[in-house]
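Asker: Structure, please.
(chains A and B)
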There are 2 protein chains.
Amino acid sequence: MNNEFDWIKSVTPTKTYRSSVKVGIGDDAAIYSHGPNEESVVAVDTMVEGVHFRKDTMPIKSIGYKVLAVNLSDMAAMGASPRYFLVSIAIPKQGWSLEETTEIYAGMNELAERWQIDLIGGDTVSTKGPLVITVTVIGSVITGKRLLRSNAKPADIVFTTGQLGLSAYGLEMLLETGLKVMEDISLRPFMKAHQKPEPQLEAGSLLVDSGYRISLNDISDGIAHEAKEIAGASDVDIIIDWDKLVIREEFLEHSLEKQEEWVLYSGEDFHLVGTMSEADFEKISLVFKEHDLQIYAIGNVETGEGRVFLERRGNRSPIKKAGYHHF
Amino acid sequence: MNNEFDWIKSVTPTKTYRSSVKVGIGDDAAIYSHGPNEESVVAVDTMVEGVHFRKDTMPIKSIGYKVLAVNLSDMAAMGASPRYFLVSIAIPKQGWSLEETTEIYAGMNELAERWQIDLIGGDTVSTKGPLVITVTVIGSVITGKRLLRSNAKPADIVFTTGQLGLSAYGLEMLLETGLKVMEDISLRPFMKAHQKPEPQLEAGSLLVDSGYRISLNDISDGIAHEAKEIAGASDVDIIIDWDKLVIREEFLEHSLEKQEEWVLYSGEDFHLVGTMSEADFEKISLVFKEHDLQIYAIGNVETGEGRVFLERRGNRSPIKKAGYHHF
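Answerer: Have a look, this model is predicted:
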C-alpha cells in the first residue's frame, strides 16, 4: 500500500449487510433507517495498548475481535441486537505497521460478518503514545423489552451463562509464558476466553424473547462486581453460592484464594449474569438446552440493600472486593 | 474528590434534556426512542494530545468544547439535528489532574446545554500515553432530507457560511506566543475559531429545511480538500474564485502563499461548504440574512471529473494540495 489513504480504503467495507444503511463510510456521518416500535441501543468501549492488551499476550487480530466483542457483550446484556458499529483508532507513529493495523480490522470483521453488523463510520488519527481503539456499537431492541440491571426482585434465582474465570486464568498463562503458550491445546478454552471471548448475543436474545422479568448484566469486571451492580440498581441483596458455581477442574489444584480471584473477582469472561423467578428459570433452562446454550443457577436474591454475599457450605460472608478495573 | 469513581460521578449528568432518553449512563448501554419518519445520524471524532491539541495552545475547557464541536459540525454538514453523545476518554496516568479532566467535560457540557443534547454513555480508561478523547454523536434528520456531498450539479454556485483561515491563523499565533496571546483582544476572533469553533448547526438546519438540492460538507481539512470531496462524490469540477473569498484584513500584509495556506489549505474553521443552484442561492441568502447568518458565493460548479481549480483574476489553475491531515 502506498499511503494511509490506501490503507483506510483497504479497511473500508465494500458492501453492506443491511439495506437500511443509507450512508456509510465516505460522508461526514452515517445514516441508517429503522422500523417502528424499536429502540436504538448504543455502547462504546475503548482498549488501550499496555492497559487492556499487549502484543505479547494478544495476537493482533484478536485485539480487533475483542474490542468489538466487548461492545457486543454490552448489547447482549441489554437484550439488544447489534446492527452497526463505528471505529475510532489512534495509531502510534512508531511500532505498528499498516499491515498490523489492518489485522485489527480483520479481527473486527470476523465478528461483524458473523453477526451481520455494518461498520458505518469512524475516525483515524495518529498518536505519539500507545495504540488506542474505541468502538461504538448501535443496536436495537423492541420497545419496552430491554433487560435492565434494576429488574431483580427477592426470591429470584441468580444465573450465569457459562463458567467463569477462564479469561483471567488464560491471561495468567499468557503473562507467564507469552504467546507460545497458545500451542498447548489443553489451554485453548482459556486462550479463547481471554483473546476471543464469545459475546452472549444468542443468550441475550433468548432471554429478551422470553418476555420474562429479567435483570441482566455482562461480566466484564468479575461476577462479584456485576452482581453488586444488579443488587444496587434493584435494591436487593444477592447471594452467590460457591458450591453451585461450576469451577474448572484446572483451578482445583490452586489455593481457594486464587480460585476466588479468578472466578469471582476477575473480569472479561463476558458471560451474562442476571436474575429471574425460579419458575421462569426452569422454563428458560429448557429453551437454552434446545439451543445448545448453557445456563447455571448460582445463587438467589433476597430482600436487602444492595449487598452481595458469598455462601460456602452454608456459611455466608459479605463480598467486599469491587472487582477488576482498568481505570 | 476521593477517587476516580467520585470523579466519574461528578461528570455524569444528573438530568436529561429529552424525555426520549430511556436509559443513560449507568447501565451497559444507552437506549433512546425516536419518532417515525426520521433517520438517525451518528458521527465519531477523536482528539489526541500532542496531535490535535496541546495544553499550551488550548485552555483545557476548550479541548472538551472542541471535540464535541467537531462532531456537531459533522451533524451540521448532514443537515442533521444532534440529540445524544457518548464520550470515551483515555486519561494519562501522569500529567493530568482529575480537576483538569473534569474541565474537559465542562467544555463539552457548555455546548451540550446550548444545543440540548444528552450525554448518554461512554468509557473511561487509563493510558501510559497522551490523553485521547473520542466523541460519538447521534442525531436525526427527516427521512430523505439529508444533505450529501454527492448532490452537486454543473452550474451550481459554491458557497461557504463564513470567512476561512481564522483557526489556522489563530493557531500560528498560539504556537508562537502561547496562551498569553489570548490577552490581545484584537486576536479574539482567531482564538475563538481555533479553540471554540462554532458548529454551523443553524445554517445546516436552514439549508435542510429549504428543501433545495444542496451538496454539503464541513470544512475540517481546508476548503480545497472539502471541495475536492464534493467534486469527487458528485463527479463535477469545482472552481473556487479567490477574488470572491472574503479575506481577513489581518492576512493581507502576509505573502499570497501564506494567505492561501490559511484560507484554502488549513482546516478546522468548521464552516460549511456546499453547492446549490443560483436561483436557490439567491433565495437562501435572504433567509440567512433574516437569521443573522453569513453565506458567501465563492465559486461555481462545472461539468467535469472531480477536480478543483482556483481562479484568480480570470486565470485558472488546478489545486493540487490535498489539505491538512492529522493522520
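Asker: What's the first helix or strand after the helix or strand residue A:136 falls within?
Answerer: Using DSSP states H and E, residue A:136 maps to strand A:132-142. Tracing the chain past strand A:132-142, the next element assigned as helix or strand by DSSP H and E is strand A:157-160.
Asker: ok now do residue A:280, which residues does it touch?
Answerer: For residue A:280, the contact set (C-beta atoms under 8 Å, 6 or more residues apart in numbering or on different chains) comprises A:210, A:212, A:213, A:214. For the C-beta atoms, the positions are set from N, CA and C on the backbone; glycine is no exception.
Asker: can you do 10 Å?
Answerer: With contacts defined as C-beta atoms under 10 Å, 6 or more residues apart in numbering or on different chains, residue A:280 is in contact with A:156, A:157, A:207, A:210, A:211, A:212, A:213, A:214.
Asker: can you pick the most crowded of the residues you listed?
Answerer: residue A:207 (28 neighbours; other C-beta atoms under 10 Å in any protein chain shown).
Asker: SS state for that one?
Answerer: Following DSSP: H, G, I helix; E, B strand; the rest coil, residue A:207 is assigned to helix.
Asker: Please identify which pair of the contacts of residue A:280 lies farthest apart.
Answerer: Spanning the widest gap among these are A:157 and A:211, at 17.0 Å by C-beta to C-beta.
Asker: Check the offset of the strand holding residue A:136 from the chain's centre.
Answerer: On the basis of C-alpha atoms, centre = their mean, to the nearest Å, strand A:132-142 sits 12 Å off its chain's mean C-alpha point.
Asker: So which bits of it are buried?
Answerer: A:132, A:133, A:134, A:135, A:136, A:137, A:138, A:139, A:140, A:141 (16 or more other C-beta atoms under 10 Å in any protein chain shown).
Asker: ditto for stretch A:115-132
Answerer: By 16+ other C-beta under 10 Å, the buried positions in stretch A:115-132 come out as A:115, A:117-127, A:129-132.
Asker: swap in stretch A:212-222?
Answerer: For stretch A:212-222, by 16+ other C-beta under 10 Å, it's A:212, A:214, A:215, A:216, A:217, A:218, A:219, A:220, A:221, A:222.
Asker: and residue A:125, what pLDDT?
Answerer: At residue A:125, the model reports a pLDDT of 90.
Asker: Can you give me every residue that contacts the residue nearest to residue A:140 when sequence neighbours are not counted?
Answerer: Spatial nearest neighbour of residue A:140, chain neighbours left out: residue A:38 (4.5 Å); criterion: C-beta to C-beta, 6 or more residues apart in numbering or on different chains. By C-beta under 10 Å, 6+ apart, residue A:38 lies in contact with A:80, A:81, A:83, A:139, A:140, A:141, A:142, A:143, A:145, B:33, B:34.
Asker: Identify the bridge partners of residue A:38.
Answerer: residue A:142 (DSSP bridges).
Asker: how close does it sit to residue A:136?
Answerer: Distance, residue A:38 to residue A:136, using C-beta to C-beta, to the nearest Å: 18 Å.
Asker: again, but for residue A:181
Answerer: Taken as C-beta to C-beta, the span from residue A:181 to residue A:136 is 33 Å.
Asker: In a markdown table: the contacts of residue A:38, plus pLDDT and distance to residue A:298.
Answerer: Conversion of the contacts of residue A:38 to a markdown table gives the following (pLDDT from 0 to 100; distance: C-beta to C-beta, whole Å):
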| residue | pLDDT | distance to residue A:298 |
| --- | --- | --- |
| A:80 | 89 | 24 |
| A:81 | 89 | 26 |
| A:83 | 87 | 32 |
| A:139 | 88 | 27 |
| A:140 | 85 | 30 |
| A:141 | 84 | 25 |
| A:142 | 83 | 28 |
| A:143 | 77 | 31 |
| A:145 | 80 | 25 |
| B:33 | 65 | 34 |
| B:34 | 67 | 38 |
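Asker: can you tell me which of these lies nearest to residue B:87?
Answerer: Proximity of the contacts of residue A:38 to residue B:87 (C-beta to C-beta) peaks at residue A:139, which lies at 19.2 Å.
Asker: Report the contact partners of that closest one.
Answerer: Residues in contact with residue A:139 (C-beta under 10 Å, 6+ apart) are A:38-43, A:71-72, A:74-76, A:78-85, A:115, A:117, A:201, B:29, B:31.
Asker: Helices - which of these land there?
Answerer: Assigned to helices by DSSP state H, the following of those qualify: A:71, A:72, A:74, A:75, A:76, A:78, A:115, A:201.
Asker: Excluding chain neighbours, what is closest to the last one?
Answerer: Looking back up the chat, that one is residue A:201. Nearest to residue A:201 is residue A:76, by C-beta to C-beta, 6+ apart, at 4.7 Å.
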